[in-house]
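> Whatever this is, show me its structure:
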Amino acid sequence: MKALVALILLVQLPIHKAVPAAPPAPLGCDDSESEAAAEVGVSYINGHSHHGYKFALNRIKNIRVLPQGLNNDIIFLELDLLETTCHILSPTPLANCTVRSFTDHAVEGDCDIKLQKVDGQFFVLASKCHSHADSSEDIIQLCPDCPLLATLNNTEVLATVTAALNDHNSKTADAYLRLLEIGRARIQYHPVHVVSVEFAVAATNCSAAEAKADVEACQLLPSDQSNFGFCTASMVTKPLQDLKVDCQLYGHQVLTPDVPFLSRPGVTYSQPGQDTAAGMAPSVVHGFPNHNLRLSHNNPFASESSSSEFPSMLSAKSVAKSAVAQVAQHDKVPHPVGFVPPPPPCPGKVRHFKI
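Below you'll find the model as predicted:
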């Protein structure tokens with residue numbers, strides 16, 4: 001009888017079934033893991049670029065995570081970048097580089113980056129980027145008198161760079177400098193006519209005095225002695241002519257994989273013996289106002305990866321929309337006074353200005 005009662009009581013006990021764990025919430029664009037991945041991606045882009053300027057993160061537009069196993073994920077990032085004032089050869093850390101303002105005629109970059117995260121460490125597998133200057137019409141609408149970017153092979157630009165470099169070399173007692181590339185140029189037409197240029201230079205094995213005797217003998221220093229620098233100059237041509245030049249050398253840098261230098265294959269700068277006015281700017285920028293990230297990377301397999309490396313972000317956007325829908329559904333439930341709903345996961349916050 002006792003056994004029968006025990007059996008009846010056992011049957012009446014509630015049955016608890018194992019409930020599967022809910023899938024993790026989609027990774028948001030402003031989550032710390034997303035920002036850590038973006039930091040690695042931006043460092044990779046700058047470390048593998050050999051022309052123009054360093055870029056800083058402006059916004060994480062999208063993120064997609066594909067789990068591969070335990071502590072192993074593939075991450076796809078879509079990033080908005082902005083050009084800084086630091087040339088790619090500058091040793092200045094990116095954190096100390098100033099992002100150009102919108103009225104400085106900013107250059108924006110768009111990058112898709114594929115990373116792998118293994119045991120908490122990020123590794124870039126592929127990247128695809130391009131960059132372009134902001135619309136001149138938008139600049140004029142906000143600042144009618146702001147000078148606009150000029151093409152890097154504009155005749156006034158070339159003449160100003162030639163005059164500026166000749167002026168510096170004629171007055172210095174230090175090494176004779178040769179042009180590497182023109183970084184950017186702007187022309188102001190009113191109320192005075194001013195051509196402003198920025199260009200990268202490198203020291204040669206000649207002093208400025210020695211170059212006067214035989215400039216063709218002056219060669220760029222070998223990579224283990226290289227000394228790069230950067231010049232800014234402005235030429236007023238109307239109503240009176242006036243030239244101002246400032247050149248600073250960075251000093252010899254220890255060459256690492258993240259520091260671009262001339263001996264890397266695929267990097268082309270003007271070389272000694274070329275006509276300065278015709279050979280100053282690399283051919284990749286002829287007719288354009290900025291160095292395109294699509295062309296400035298050294299490794300084409302890294303910078304111009306096959307589109308198959310980057311599956312359509314539509315699936316990532318659908319995940320984001322689903323998350324937004326969940327937030328909206330969550331908002332229908334009564335909440336305490338002062339409740340602040342979570343923001344949508346993507347796109348992320350704008351760090352500098354909306355483009």
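> hey, which helix or strand in this structure has the poorest pLDDT?
Here the helix or strand of the chain ranked lowest by mean pLDDT, DSSP states H and E is helix 276-279, holding a mean of 34.
> Quick check: next helix or strand after it?
Following helix 276-279 in sequence order, the next helix or strand is helix 293-296 (DSSP states H and E).
> Now tell me what touches that next one from outside.
Residues from elsewhere that reach helix 293-296 (CB atoms under 8 Å, 6 or more residues apart in numbering): 45, 49-52, 55, 81, 88, 109, 111, 129-131, 284, 303-304. (Each C-beta comes from the backbone N, C-alpha and C, glycine too.)
> so where do the strands sit in the stretch 101-250 of the chain?
107-118, 121-133, 148-149, 175-188, 193-207, 228-238, 242-249 (DSSP state E, counting those that start in this stretch).
> Report the mean per-residue pLDDT for the fifth one.
Read it as strand 193-207. Strand 193-207 carries an average pLDDT of 95.
> Against which helices or strands is that strand packed?
Here strand 193-207 touches helix 155-171, strand 175-188, strand 228-238, strand 242-249, going by 3 or more CB pairs under 8 Å, 6 or more residues apart in numbering; DSSP states H and E.
> If we use 10 Å, what do you get?
Packing partners of strand 193-207 (3 or more CB pairs under 10 Å, 6 or more residues apart in numbering; DSSP states H and E): strand 72-87, helix 155-171, strand 175-188, helix 208-213, strand 228-238, strand 242-249.
> On the strand side of things, show who Gly229 bridges to.
For Gly229, the beta-bridge partners are Val201, Leu249 (DSSP bridges).
> give me every residue that touches it.
Gly229 sits next to 87, 89-90, 168, 175, 177, 180, 199-203, 247-251 when contact means CB atoms under 10 Å, 6 or more residues apart in numbering.
> at 7 Å what do you get?
Going by CB atoms under 7 Å, 6 or more residues apart in numbering, Gly229 touches 177, 201, 247-250.
> go on, Val197?
By CB under 7 Å, 6+ apart, the neighbours of Val197 are 157, 160-161, 164, 182, 185, 233.
> Equivalent analysis for Ala133, please.
105, 107, 149, 289-290 are the contacts of Ala133 under CB under 7 Å, 6+ apart.
> and it, what are its bridge partners?
Applying DSSP bridges, one finds that Ala133 bridges with Val107.
> how far away is it from His105?
Separation of Ala133 from His105 (CB to CB, to the nearest Å) stands at 6 Å.
> May I have stretch 208-220 as CSV, with CA atoms only?
Output of stretch 208-220 as CSV, limited to C-alpha atoms (Å, rounded to 0.1, in the frame of the first residue of the first chain):
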residue,chain,number,x,y,z
ALA,A,208,71.7,71.1,-50.4
ALA,A,209,75.1,72.7,-51.4
GLU,A,210,76.3,69.4,-53.0
ALA,A,211,73.1,69.2,-55.0
LYS,A,212,73.8,72.5,-56.6
ALA,A,213,76.9,71.0,-58.2
ASP,A,214,75.3,67.8,-59.4
VAL,A,215,71.7,67.2,-58.5
GLU,A,216,71.4,64.0,-60.5
ALA,A,217,73.9,62.4,-58.2
CYS,A,218,71.6,62.8,-55.2
GLN,A,219,69.9,59.6,-54.4
LEU,A,220,67.3,58.7,-51.9
